[in-house]
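Trainee: fold the stuff below for me.
(2 chains)
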Amino acid sequence: MLTEKENTWRDNRLEQIRQWEQHCKYPNFIDDNLIWTTINQQTNPDKQKAFDIVAKARDNSSSGTMLSPQDVAVLMNSDDPELWDAIFETANWIKRHVYGNRIVLFAPVYVSSPCVNNCAYCGFRQENAKVKKSTLNMDELKDEITALVDTGHKRTILVYGEHPLSDAQYICQTIETVYTVKSGYGEIRRANINAAPMFVPEYKDIRSAGIGTYQIFQETYHHDTYKKMHPKGTLKGQYAWRLFGLHRALEAGIDDVAPGVLFGLYDWRFELLAMLYHAMALEKEFGIGPHTMSYPRMVSAVNTPLADHSRYLVSDNDFKKLVALIRLMCPYTGSILTAREKPAMRHEVVKIGGVSQMDAGTRIGVGGYGQIKQENMPDKQQFIINDPRSLDDFVLALCQQGYLPSFCTAGYREGRTGANFMPLAKQASVKNFCIANGILTFKEYLLDYASPKVKQIGNEVVIPTFAKWIQQNVPQLAGEVTNKLKMEEHQQRDQHF
Amino acid sequence: MLTPQTKTALENTAKNICRQHHLSQFYFAQSLGPRRHYLAGYGQQTFNPAQHLTLSENVVVFWQGTLPDQARTLIKQALRPIAQMIEREISMP
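Mentor: Residues are numbered from 1 along each chain as shown, chains lettered A, B, ... in the order given. Reported below is the predicted structural model:
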């Protein structure tokens, strides 16, 4: 039960949100009927037509052009194994073409879990008394960040419930606090945000604290399903308010925004096309598409039966397909695969899905990094994570698969944001910085945090391999990379381009 | 937030500086904590190490190419009124 104060806060805010929706200046870009019609018109697609679309997606990756919803519908309706092999191969090719063979690593920090909403799929829903909710104070947050950076992370996403205790002012305070934490060479250099949709002035305040990306998941774009999952009278029950949350963020000058879907609430094919329409709407209105796209698959949560019994749970095979299709349909976007997935699944999807970012060493209980050895604390978590490996174990696995583990946070500190970042990703040249900065940040990890096994493969195989790539592909940076590596060996840190 | 007119002025300024000093890229950014938030600029990324100069409390410029110390000093002086204009606009609610 909400307290009187919480009820008052929610009701006042709900009234303001409804007023905003009444005067919303943006047209609703999600037409359920149109999406289904598009999907249904492309059943039994012609094989050659499908292969031509795959070839087009490959070409598009040098210009940043997205596939059309019709094109994506053709691919998603195909059962041809030969075509899917081509799609998976192309997704991997596009990712390497745009970003290089690096994986950017991050870890989420759950800062607050109390929430005034009551979403059917969420362990943190207000009525779920079996999950204990808490909000970190600034000292607790510092401890949490210290524990996190002591593992080697430099990039985080801060996650908040929608609650008067975690309003915009609190979010600003936490961001500022996160950036003050130093532990040895450890620090957070980029804090992204996953929080409720805000009003423009609130976004402006959060922007001023110096965030990376603002992430809002629509969860489901299907109107009826959205209504069922998010009870009327709750803040999250307001579909349009959430749908245009990233539009308002862009209005406020936050120019790195990130949509996402919780796959398993409704048909994955519908959600995928809807996310494409979202990207198209952002492009049309602001000329800036999604900085990243997220596609968490619904997993178990304490006292949350829907998470295990939804009729739309996505199979492993369909999950692989949808991740690869995201890369083909929106070639420039960052693609985030999370620790909701099991290790084997993650390593398979990263090879065939065009994934560019992954979390590692993840703990999602509020205060979870302070108890790092405890993999899951179900009664304190929104859901259960399935890849609880340590950061070092995860890094080792990436190295063994030939990837460059990257802790890069350089782009947004060098003015490569929004309209200055998009051309680099769209023209597939951002990899030149990605690989150089990946080498330098991985070297820091090797010097400061890595186990002997990771040090060995990192220094003997990974760094030389990617340094050679720089020499061959961006020779103008090669000398500087070598110099900066030497500076790092002499205890200088945060070398970047 | 910058007005469209200011944005255009920054683009033109960046273009002139690029031409005058043979730079491949020059752009303005706003300091927001650790973030250097792109405002406007001109030119092409050449994947050389970028240099930067702080113009005022919240305004930074980045460039690619070689800019001798003397030119940096002149640019900083010349851009002072522009930095003040940017500061005024970004401080507006």
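
Trainee: quick one: mean pLDDT for stretch A:219-236?
Mentor: For stretch A:219-236, mean pLDDT is 98.

Trainee: near chain B, which residues of the stretch 251-400 of chain A show up?
Mentor: Within the stretch 251-400 of chain A, the positions lying close to chain B (Cβ under 8 Å from any Cβ of the partner chain) are A:253, A:255. Bear in mind the C-beta positions are built from the backbone N, C-alpha and C, glycine included.

Trainee: can you give me the strands in the stretch 251-400 of chain A?
Mentor: Assigned by DSSP state E, counting those that start in this stretch, the stretch 251-400 of chain A shows strands spanning A:257-261, A:292-294, A:334-337, A:357-359.

Trainee: possible to save those strands as TSV with mean pLDDT?
Mentor: As requested, the strands of the stretch 251-400 of chain A are exported to TSV (pLDDT from 0 to 100):
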stretch	mean pLDDT
strand A:257-261	98
strand A:292-294	98
strand A:334-337	98
strand A:357-359	98
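
Trainee: can you list these in TSV and add distance to residue A:18 and mean neighbour count?
Mentor: Shown next, in TSV, are the strands of the stretch 251-400 of chain A (distance: least, Cβ to Cβ, whole Å; neighbours: other Cβ atoms under 10 Å in any protein chain shown):
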stretch	distance to residue A:18	mean neighbour count
strand A:257-261	23	24
strand A:292-294	28	23
strand A:334-337	32	24
strand A:357-359	35	23
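
Trainee: out of those strands, the one nearest residue B:92 is which?
Mentor: In terms of Cβ to Cβ, the element of these nearest to residue B:92 is strand A:257-261, at 22.3 Å.

Trainee: tell me which other helices or strands that closest one touches.
Mentor: Using 3 or more Cβ pairs under 8 Å, 6 or more residues apart in numbering or on different chains; DSSP states H and E as the contact test, the elements touching strand A:257-261 are strand A:214-219, helix A:245-251, helix A:268-286, strand A:292-294.

Trainee: which stretch of helix or strand covers residue A:95?
Mentor: helix A:81-99 (DSSP states H and E).

Trainee: from the contact counts, what lies against that helix?
Mentor: In terms of contacts (3+ Cβ pairs under 8 Å, 6+ apart), helix A:81-99 is packed against helix A:47-60, helix A:316-329, helix A:343-352, helix A:431-448.

Trainee: relative orientation of the shortest one and helix A:316-329 in degrees?
Mentor: Relative orientation of helix A:343-352 with respect to helix A:316-329: 30 degrees, computed using axes from the mean of the first three to the mean of the last three Cα atoms, to 10 degrees.

Trainee: for stretch A:286-295, which positions count as buried?
Mentor: For stretch A:286-295, the neighbour count (16 or more other Cβ atoms under 10 Å in any protein chain shown) marks A:286, A:288, A:289, A:290, A:291, A:292, A:293, A:294, A:295 as buried.

Trainee: count the neighbours of the closest residue to residue A:88 other than its chain neighbours for me.
Mentor: Spatially, and ignoring its direct neighbours in sequence, residue A:88 is nearest to residue A:352 (3.7 Å; Cβ to Cβ, 6 or more residues apart in numbering or on different chains). As a burial measure, residue A:352 scores 20 neighbours (other Cβ atoms under 10 Å in any protein chain shown).

Trainee: same question for residue A:303.
Mentor: Using other Cβ under 10 Å, residue A:303 has 14 other residues around it.

Trainee: ok, the residue lying closest to it once chain neighbours are set aside to residue A:490 distance?
Mentor: Sequence neighbours aside, residue A:130 is the residue nearest to residue A:303 in space, at 4.1 Å (criterion: Cβ to Cβ, 6+ apart). For residue A:130, the distance to residue A:490 equals 53 Å [Cβ to Cβ, to the nearest Å].

Trainee: mind checking which of those two has more residues around it?
Mentor: Higher neighbour count among residue A:130 and residue A:490: residue A:130, with 11 against 6, using other Cβ under 10 Å.

Trainee: okay then, goodbye and thanks.
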